[in-house]
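Asks: sequence unknown, structure follows:
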């Protein structure tokens, strides 16, 4: 039988958490812009243009940028805003 006691660490306050929050907001707007640009290009491009290699490369680059931004948001949330937890397992 395992009993887990989760103790919450100190709340993250201060300069770094404020910077992380601001960066998360800005990166969220950037991710929304890239997503809307990507959807706009996919929906409203001509089929002949959408089948070219340059179009596919452009969409792939936008997806890579979006993935990088989402990873940065997740990192900033975990390191800058998420409260530390200490897990104790008793047997």
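Replies: Structure's in. What do you need? Quantities reported herein were computed from a predicted structural model and do not represent experimental measurements.

Asks: Please make it C-alpha for all contacts and neighbour counts, starting now.
Replies: Fine.

Asks: Low-confidence ranges, the protein, go.
Replies: 1-6, 9, 85-91 (pLDDT under 70).

Asks: got the contact list for stretch 61-71?
Replies: The contact list for stretch 61-71, computed with Cα atoms under 8 Å, 6 or more residues apart in numbering, reads 27, 30, 31, 34, 35, 38.

Asks: all helices for the chain, in order.
Replies: 15-44, 47-50, 53-76 (DSSP state H).

Asks: so how far is the longest one off the chain centroid?
Replies: Taking the mean of its C-alpha atoms, helix 15-44 sits 9 Å from the chain's own mean (Cα atoms, centre = their mean, to the nearest Å).

Asks: What is it packed up against?
Replies: In terms of contacts (3 or more Cα pairs under 8 Å, 6 or more residues apart in numbering; DSSP states H and E), helix 15-44 is packed against helix 53-76.

Asks: mind running it again at 10 Å?
Replies: helix 47-50, helix 53-76 (3 or more Cα pairs under 10 Å, 6 or more residues apart in numbering; DSSP states H and E).

Asks: Buried residues of the last one, list them for me.
Replies: Applying a neighbour-count criterion of 16 or more other Cα atoms under 10 Å, one finds 59, 62, 63, 65, 66, 69, 70, 72, 73, 76 buried in helix 53-76.

Asks: the inter-axis angle of that helix versus helix 15-44?
Replies: 160 degrees (axes from the mean of the first three to the mean of the last three Cα atoms, to 10 degrees).

Asks: Is it correct that residue 10 is in contact with residue 84?
Replies: Yes: using Cα atoms under 10 Å, residue 10 makes contact with residue 84 at a distance of 6.8 Å.
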